[in-house]
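# Give me a model of this one.
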Amino acid sequence: MRYPVQIIKDGSRYRVECRDLPEMHSAGDDIADALREAKDGIETTLMIYIDEHRIIPAASAKKEDEHWVYISSLSAAKALLWNEFKRQGITKSELGKRLGIDIKGIEYLFDIMHNTKMERIDAAFQALDKRLEISCAAMYENDDDAKDAVPNKQADIDEQEGRVIERHYDDPREEAMMGYRYTVSKGPSLESLKQYMRKK
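Here you go, the predicted structure:
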């Protein structure tokens, strides 16, 4: 999951802004540092949206003067889980009943900063009649994207190349969410989900 950001020279620092997430602000000592800081800035902003019970915006297409910033796969899964939860209009208590876990466990599911097990994320999607699919994609769509991502830091690019995992869903409403689509799944029964969660 990625968002386009703009880097603005501000005195001796480089400020980062995101059109899709106007609440996001971060900065770095140089462009490469600013882009690394932007990842944390975006994930913190996603947490703000969740805390304020708002839908997390989809990413726009990148403009020529912008850079892509990728967030972690776990954070992306939680963001998409939150959006689906909000679209379905159910309560946290209801989701907890479906999963057989308490409210605290549900709060962890939506906490971007919490290192939730992927098994719990999968179970939550299934409780919403969705499923989480994983596929591998290139880190950058072309050479220009790779050069723009971390200027003058080829080692950083090489380190990240080929190690991106995206979670795909299949819903035309989310075409703008780069690399993400929604897929409906019947999934296991609620009772089997509860038994599974109790074992965790």
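# which outside residues touch the lengthiest strand in the chain?
When the chain is scanned for its longest strand (criterion: DSSP state E), the result is strand 2-10. Here strand 2-10 makes contact (CB atoms under 8 Å, 6 or more residues apart in numbering) with 14-21, 24, 27, 31, 34-35, 38, 42, 59-63, 65-71, 178-179. To be clear about C-beta, it is placed using only N, CA and C from the backbone, and glycine gets the same treatment.
# Tell me where this protein has strands.
When assigned using DSSP E, the strands of the chain occupy the ranges 2-10, 13-17, 25-28, 67-70, 133-137, 164-168.
# which one of those lies closest to K104?
Taking CB to CB as the measure, the strands of the chain were each checked against K104, and strand 164-168 came out nearest at 24.7 Å.
# Could you give the average pLDDT over the closest one?
On average, the pLDDT along strand 164-168 is 36.
# re the thing from before, pick the most buried one from the strands of the chain.
strand 67-70 (a mean of 22; mean count of other CB atoms under 10 Å).
# what packs against it?
strand 2-10, helix 31-51, helix 143-149 (3 or more CB pairs under 8 Å, 6 or more residues apart in numbering; DSSP states H and E).
# Name every strand pairing with that strand and say which way it goes.
Strand 67-70 has its sheet partners listed here by DSSP bridges as strand 2-10 (antiparallel).
# State the mean pLDDT of the partner strand.
Strand 2-10 shows an average pLDDT of 94 in the prediction.
# One more: stretch 103-123?
Within the predicted structure, the mean pLDDT of stretch 103-123 is 94.
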